[in-house]
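[1] The amino acid sequence is not available; the structure is as follows:
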Ligand SMILES: Cc1cc2nc3c(=O)[nH]c(=O)nc-3n(C[C@H](O)[C@H](O)[C@H](O)COP(=O)(O)O)c2cc1C
Ligand code: SF4
Ligand code: SF4
Ligand code: SF4
Ligand code: FES
């Protein structure tokens, strides 16, 4: 059994345990974080959205980006699946189509980290799923 | 290591457990396993979310979806739709009672928007049976901090400076209480947690113990360090089995980690805890009675002084605090006195937990910053009065609090303002009443409780309250006089002034405050023999409208006391002298000819 022998011990424990509830804490303050929604309806899953979501989760953590990744229903761009919506704090959400892991990598590096726009944005009269 | 993408939080509080939240958790787990998602989605049983009336609650994170009144049968749909396809299960979402629209994100719910959670910070957020989750939320760091960085006196200074006042009813400054106990010298001292919670309708202490037991344990250890006590006792009523169970688990885990016991954090400080069970008498929540009860004596209050801080449990200096008071301590230590005192009003700092009940749309447990108005609590958090009725009064402070009116709605809530308005904070019961509530009956209801719960030790309380009850009873029966109203006032004052403990000293408050704020209603009962709210049975009169009556005889045949007379096909009449007001005739008349006056 782990005995906590000093305050430093406890702090170390907290560091390792933190990740267990990280996702809950992030949900609590989502508006200040990068929010990514992955379309996970049947069409999305069929074209590999699950892979993309796993990739995003893993890579964002590896690259130290504080983000909340959630899944959502069909965004109505079945032809462009997998689609993801990315909302940077204080910015309007942007939807990307045909996101494979390579594209996802580019989105993290260019758009999320530096705010540079990258190809593949679905702009036309797109309505954020929030105001639907 | 598995990496969860989603957490499903299921309320494991008493309320939700009673409506099968365990079964929901099991079903969710099974459904996730069937879809091979057990590595992706974690199911956690938490403490109370506060919104018990709409329970069982399932909250999905990180998207903050709040599902209400979930049944075990809904588990598969939640997994298939929300977890797998990302589509929210519309029919389980919360519907805003005023706007009638569904709300997806719990942070947009009126019930949560104005709340601020300090004492309840972990309730509904962590698994209370897992110390690791508490540690992940900075648990036991406050204890570590005071043991390694502060002297006891420095710690007490932080608590004093924070402005924290006791949440058990009296509002005594917590830091000052600790200081007094720390200055009294003795070979052994005790830290006591008052978890008796006798107020009818109150469940804030239970929810904290069920949802976040470690926060109380940690705070008691901090208090032990400050006053020089190595032993703590939690006095909890035996009717709280879930809270008791979670406390036992938490104490055991804290001991295993070495956070209770000898040489905590290698600092040489030792502290351990024991549970003591109460049988559920209201007066045992009074601190001297509580101490007697723990000593195995009758749970009767005794004269103060001596105060427990001088001579308490086993005659030793003892610090007694309420559950919620303790729950505030760790965040104060970690975030600082200035942070805490920046919240609240000038003389009441921080937040207060209320059990919101009565005729409002959102019944539940809430935590709000001091200084919020009654109107915000009732109409924004509480979602307004049920069924579109009119607000009439709000009773705060439990059985010995007072009833406030429309004109008090914009009062900022704090210890002093509530007292100035003729009520009190108490432990945080808040019961909202509408136009259908009779204030004389309300006062009578509370007096009935006090008469039942008085320990009988002193006569003003034992006999006086009984007489108050009888006077109120007479008034509700239409037998009261204007002199009785004076008698109520005088007797109330005598009881307040001469009773030994807080029970008798405050029990007439419901009478006095209703007399002050709803005098007209008393007069209507006495002079006009009428109950304006239509609640007092004796003052109601059943009458038949001869125009509408067709003489079908249905009423007469159903009257149990033969109070109705009249010929067939001719208008009937009720002999009010015999009528026992059972309402049978009213129910039976198909022609709406009978009315209540
Ligand atoms: C009749 C009566 C019942 C009480 N019941 C409780 C109770 O259930 N819980 C509680 O914490 N304090 C109760 N109190 C107040 C306690 O006597 C005591 O003031 C309190 O526990 C001190 O803790 P605090 O300073 O943290 O508020 C009661 C007082 C009276 C007079
Ligand atoms: S005031 Fe009432 S409850 Fe308190 S000691 Fe006297 S009789 Fe007992
Ligand atoms: S039941 Fe109604 S209509 Fe019939 S006799 Fe009685 S009052 Fe008249
Ligand atoms: S209220 Fe009951 S007792 Fe009175 S007249 Fe009607 S049926 Fe008879
Ligand atoms: S017990 Fe579940 S919300 Fe309170």
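    Nice, I can see it. Just so it is clear, the model here is predicted, and its values are computed rather than measured. Ligands and ions are numbered 1, 2, ... in the order given.

[2] Contact partners for the residue most central in space within chain B?
    Centroid-nearest residue in chain B, with CA atoms, centre = their mean: residue B:202, separated by 2.4 Å. Counting by CB atoms under 8 Å, 6 or more residues apart in numbering or on different chains, residue B:202 touches B:355, B:398, B:427-429. Bear in mind the C-beta positions are built from the backbone N, C-alpha and C, glycine included.

[3] so which strand or helix has it?
    In the assignment (DSSP states H and E), residue B:202 maps to no helix and no strand.

[4] And it, how far from residue B:569?
    58 Å (CB to CB, to the nearest Å).

[5] what do you get for residue B:467?
    52 Å.

[6] So the residue nearest to residue B:519 when sequence neighbours are not counted, which state does it fall into?
    Leaving aside its chain neighbours, residue B:519 sits nearest to residue B:485 (7.9 Å; criterion: CB to CB, 6 or more residues apart in numbering or on different chains). At residue B:485 the chain is in helix, as set by DSSP: H, G, I helix; E, B strand; the rest coil.

[7] which sections of the chain are below the confidence cut-off?
    Looking at chain A here, since you left the chain open. Applying pLDDT under 70 to chain A flags residues A:1, A:43, A:123-132.

[8] To clarify, I was referring to chain B.
    Residues of chain B that meet the criterion pLDDT under 70 lie in B:1-3.

[9] related to what we said a few turns ago, which two in the contacts of residue B:202 are spaced the farthest apart?
    Using CB to CB, these span at most 9.4 Å, a distance reached by B:355 and B:398.

[10] tell me, what's touching those two both at once?
    In contact with both residue B:355 and residue B:398: B:201-202, B:429, using CB under 8 Å, 6+ apart.

[11] about what we covered before: the more surrounded of residue B:467 and residue B:569?
    residue B:467 (16 against 10; other CB atoms under 10 Å in any protein chain shown).

[12] surely the more buried one meets residue B:491?
    Yes. Here residue B:467 reaches residue B:491: they are 6.1 Å apart, a contact under CB atoms under 8 Å.

[13] For residue B:404, what are phi and psi?
    Main-chain dihedrals, residue B:404, degrees, to the nearest 10: phi -100, psi 160.

[14] Is there contact, residue-wise, from stretch B:238-256 to chain A?
    Yes. Judged by CB under 8 Å from any CB of the partner chain, stretch B:238-256 and chain A are in contact via residue B:256.

[15] Contacts for that stretch, please.
    Residues from elsewhere that reach stretch B:238-256 (CB under 8 Å, 6+ apart): A:1, A:3, B:13-14, B:17, B:128-131, B:140, B:195, B:197, B:206, B:209-210, B:213-214, B:216-217, B:234, B:236, B:260-261, B:272-273, B:275, B:277-280.

[16] Out of those, which end up buried?
    The neighbour-count test (16 or more other CB atoms under 10 Å in any protein chain shown) marks B:13-14, B:17, B:128-131, B:140, B:195, B:197, B:206, B:209-210, B:213-214, B:216-217, B:234, B:236, B:260, B:272-273, B:278 as buried among the contacts of stretch B:238-256.

[17] how far away is the closest residue to chain A within the stretch 151-300 of chain B from residue B:218?
    Per CB to the nearest CB, the residue of the stretch 151-300 of chain B with the smallest distance to chain A is residue B:258, at 4.2 Å. Using CB to CB, residue B:258 is found at 13 Å from residue B:218.

[18] try residue A:86
    Residue A:86 sits 40 Å away from residue B:218, taking CB to CB as the criterion.

[19] Of these two, which one has the most company?
    Higher neighbour count among residue A:86 and residue B:218: residue B:218, with 27 against 21, using other CB under 10 Å.

[20] Is that one in contact with residue B:145, as I believe?
    No. The criterion here is CB under 8 Å, and residue B:218 misses it with residue B:145 at 10.9 Å.

[21] helices or strands next to the helix or strand harbouring residue B:16 in the packing?
    Assessed by DSSP H and E, residue B:16 sits inside helix B:14-18. The contact analysis (3 or more CB pairs under 8 Å, 6 or more residues apart in numbering or on different chains; DSSP states H and E) places helix B:14-18 against helix B:241-256.

[22] wait, does the helix it packs on contact ligand 1?
    No. Residues of helix B:241-256 contacting ligand 1 under CB under 6 Å from any ligand atom: none, with a closest distance of 13.3 Å.

[23] Quick check: what element follows the lengthiest helix in chain A along the chain?
    Under DSSP state H, the helix in chain A containing the largest number of residues is helix A:7-28. Per DSSP H and E, the first helix or strand lying C-terminal to helix A:7-28 is strand A:34-39.

[24] Please list the strands that that next one pairs with in its sheet, giving the direction of each pairing.
    Using DSSP bridges, the strands paired with strand A:34-39 in its sheet are strand A:67-72 (parallel), strand A:84-87 (antiparallel).

[25] Give me the distance from the last one to the chain's centre.
    Here strand A:84-87 shows a centroid-to-chain-centroid distance of 8 Å under the convention CA atoms, centre = their mean, to the nearest Å.

[26] who touches the helix or strand following it?
    Tracing the chain C-terminally past strand A:84-87 and defining elements by DSSP H and E, one meets strand A:94-96 next. With contacts defined as CB under 8 Å, 6+ apart, strand A:94-96 is touched by A:75, A:77, A:83-87, A:103, A:107, A:111, A:117-118, A:120-122, A:126.

[27] from the residues you listed, which is closest to ligand 5?
    Lowest distance from ligand 5 to the contacts of strand A:94-96 (CB to the nearest ligand atom) belongs to residue A:87, with 30.0 Å.

[28] Count the residues that sit near that closest one.
    Around residue A:87 there are 21 other residues, counting by other CB under 10 Å.
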